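Asks: below are the sequence and a predicted model for it; my questions follow.
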Amino acid sequence: MTGARPRRAALGLLAVLLLSAAPARADLFYDASAGAFHDDNLTRAQQSADIRADGAATLAATAGWFYAASGADGITLAANANTEAYARFHGLDVVSVGAGAAWRHKFGLGYAAPWVSLAINATHDDYRDDLRDGSRFDARVEFGRRYTESFDASVGIAYDRRIAKNDEPVVPGISGKVFNVRGQSAFARAAYDVTDRLQLGARLAVRRGDVVSTTRRNLEIFEASDAIAADPTFGDDFFAYRLRGTTRTASTNLSWALSEHASVNLSYTAARTLAYDGLDYRSNVGTILLAFRF
Amino acid sequence: MAALALTLAASVACAQDAIVATVIDQHGKPVADAVVVAVPTDGAMRLPTRRDAVVDQVDKEFTPKVNAILVGTSVVFPNHDNVRHQVYSFSRAKRFELPLYAGVPAQPVLFDVPGVVVLGCNIHDWMVGYVYVSESPYFAKTGADGKAVIADLAARAYVVRVWHPQLDGTEESTRKTVNLAHTRRAEVDWTLQLKPEVRVRRAPVGGHEGHY
C-alpha cells in the first residue's frame, strides 16, 4: 500500500482539473453503481484442487463531462474510482482510481447513423496483497450502428496493458512481475430492448495475450511460464504463473430500467482460456449491479 | 332586434359546443399526450391567427414531448440545457436540421404540411419528440387523465380521430363521426392499442467480467 497515496492524490487532482476545465457547454455526469459478483475460478486454474471461488461486493463511481465538439463528434473525459471487497480472499480487496477519454464520431444524421469511437483508460490498482498492485491501460476502437429503434450492435478491437508495481521473484533468472501482462482483443456486442424497460445484451470476445494462472507447484506450467511469483492470497503453497494464452469470453446481460436514471443489471460471463502446454481453464462470473446516472 | 338577439344567442350557444374525448389504452389506463382532431364534414373552418409554438429542450428531453399545432405554424426550438443539441427530422411532413446550437436558434421552423413530424437529436440519441401538424384548427391533447376537450365548435357534424406516438395502427382507423347540430356537448371514447415505447433513456449498463 505504501506509495499509493501520492499516486491516488495525483489522479484525484487530475480528475478535479479535468472537471473544472469543462467548457461552458459541456455536460457533466455522475455515475455510481453498487453490486456483487461471484467468480467460480479466481485462481484461473485447471485442476479442481487449485480452483478457488469467491464473491465480492463492489462500489464504483464516475464523474465526467461530455462535450459535443460538432454535430457528429462527442468527447468524453471521466475520472473513476472503484472498490472490491471479497468474502474470503481478502488479498484481492482492491481500490482503483483512474481516468479515461473517449471520442465518438457519427457518420451522418440520426440515431441509425453508424459510428466509430476511440477510447483510452488508465487505472491504478491498490490491492491488499501487494503482488497485484500496479497500473492498467487499455485502448479501444469500436464501430457500431443502431439497426432499429430497439436493436444496436458494435464490433471492436482492444489493447490492454497491465504494469506490475512489485517484482517478487522466487526463481533466479525468472521475473517475479507476473502481473506485467498485455493482450489484444476483438469483440462484438449487441443489445436489444425487449420492452420499454427490459434490455437484453450480449458480448463475445477473443483475447490473445498474457494470462496468469495460480496453482500449487506445477512443473508443466512452470516450464511454460515466463514469470513466477508466490501468491499467498490463496495459500502459502500457491504460485502465480504468467503464460501466453487465448481467452474466449461470452457474456449476457439483463438490464431492467427502474427509471431514466437507475437500472438493475444481471450479467453472466463464461470464459475459457487455452494456454501453452495444454493448460485449459474456465471461469464463470455472475454479477448483480444497481447502476445510477445522476 | 329580436332577430339580432336570436343570432347572438345562437352564436353564444355555438361557442359553447364542445367535443369531450376520453382515451384509454388496452389495459384501461388513461392515455396522455394523445392528439384528438375534429374536421368539419362540410370542410368549413375558421382559421385563427397563427402564433409561434415552442418545443423546448430541458434535461436532454423535448418539452413537451408531443406538441400539436395548426398547419402553417412556426416552431421555435430553444435549448435550455448546458450541452448543445442538434435537432433534426426525417419525417415526410417536414425534413429539417438545426445545426449544433445553444440558446435559441435565430429562425423558427415552419411546418407547412399536415402530418406527424418525429424529432431527434444527433447528440443524444434517446431524445425523441413529436410535432403533430393538424390540417384542422380544432384539436386538443389529452392530459394525464386521458381527457381532452375541443371547445368553441360550431354546431355541425365532425369527423374526429385520435393519434398517439405509440399507436399500434393507423390514425385513420380511429375515425368517428360526431354531430353537434342537435347536441352541444358530445362525448367520444377510444380504446387504443399502444406499442411499447422505444429509445428509452437509461442508466449505463455495467458488469464485472473478471480478469485474465
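Replies: Thanks, I have it.

Asks: where does pLDDT dip in chain B?
Replies: Flagging of chain B using pLDDT under 70 yields the residue ranges B:1-16, B:199-200, B:203, B:205-210, B:212.

Asks: and it, what are its domains?
Replies: Listed domain ranges for chain B are B:17-45+B:153-193, B:47-135 (source: automatic domain parsing).

Asks: relative to A:Tyr192, which of those domains is closest?
Replies: Minimum separation from A:Tyr192 across those (CB to CB) falls at domain B:47-135, 15.5 Å. Placement of C-beta: from N, CA and C, glycine included.

Asks: just checking, next helix/strand downstream of the helix or strand of chain A with the lowest mean pLDDT?
Replies: Here the helix or strand of chain A ranked lowest by mean pLDDT, DSSP states H and E is helix A:4-20, holding a mean of 54. The first helix or strand that comes after helix A:4-20 along the chain, using DSSP states H and E, is strand A:27-39.

Asks: which other helices and strands contact that following strand?
Replies: strand A:54-68, strand A:280-293 (3 or more CB pairs under 8 Å, 6 or more residues apart in numbering or on different chains; DSSP states H and E).

Asks: from memory B:Glu171 sits against B:Arg161, does it?
Replies: Yes. Using CB atoms under 8 Å, B:Glu171 is in contact with B:Arg161, at 5.6 Å.

Asks: which one's more surrounded, the two?
Replies: Using other CB atoms under 10 Å in any protein chain shown, the more surrounded residue of B:Glu171 and B:Arg161 is B:Arg161, with 21 against 16.

Asks: sorry, back to before: need the domains of chain B in JSON lines with distance to chain A, can you?
Replies: Below are the domains of chain B laid out as JSON lines (distance: least, CB to the nearest CB, whole Å):
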{"stretch": "domain B:17-45+B:153-193", "distance to chain A": "9"}
{"stretch": "domain B:47-135", "distance to chain A": "4"}
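
Asks: A:Ser255 is nearest to which of those?
Replies: domain B:47-135 (14.2 Å).

Asks: what distance separates the start and the end of the closest one?
Replies: Taking CA to CA, to the nearest Å as the measure, domain B:47-135 stretches 10 Å from start to finish.

Asks: next one: stretch A:60-79
Replies: From its first residue to its last, stretch A:60-79 covers 11 Å (CA to CA).

Asks: around chain B, pick out the residues from the stretch 1-150 of chain A.
Replies: Within the stretch 1-150 of chain A, the residues that sit near chain B (CB under 8 Å from any CB of the partner chain) are A:24-28, A:31, A:33, A:35, A:37, A:39, A:44, A:58, A:60, A:66-68, A:70-72, A:74, A:106, A:109-111, A:113, A:146, A:149-150.

Asks: on that earlier part again, nearest to B:Tyr101 among the helices and strands packed on strand A:27-39 would be which one?
Replies: Each of the helices and strands packed on strand A:27-39 has some distance to B:Tyr101 by CB to CB; the shortest is strand A:54-68, at 10.1 Å.

Asks: bridging residues for A:Ala139?
Replies: A:Ile120, A:Tyr159 (DSSP bridges).

Asks: residue contacts, it?
Replies: Shown in contact with A:Ala139 (CB atoms under 8 Å, 6 or more residues apart in numbering or on different chains): A:118-121, A:158-159.

Asks: quick one: closest of the domains of chain B to A:Ser263.
Replies: So among the domains of chain B, domain B:47-135 is nearest, using CB to CB, at 13.3 Å.

Asks: that older thread, anything in contact with each of B:Glu171 and B:Arg161?
Replies: Joint contacts of B:Glu171 and B:Arg161 (CB under 8 Å, 6+ apart) do not exist.

Asks: for the residue minimising distance to the centre of chain B, what are its contacts?
Replies: Nearest to the geometric centre of chain B sits B:Ala68, at 3.0 Å (CA atoms, centre = their mean). Contact analysis of B:Ala68 by CB under 8 Å, 6+ apart lists B:35, B:131-132, B:134, B:139-141.

Asks: one more time with 6 Å, if that's ok
Replies: B:35, B:132, B:139, B:141 (CB atoms under 6 Å, 6 or more residues apart in numbering or on different chains).

Asks: can you pull up the bridge partners for it?
Replies: The partner list for B:Ala68 in beta bridges (DSSP bridges) reads B:Tyr132.

Asks: in the stretch 151-294 of chain A, what residue comes closest to chain B?
Replies: Closest residue of the stretch 151-294 of chain A to chain B, CB to the nearest CB: A:Ser267 (3.7 Å).
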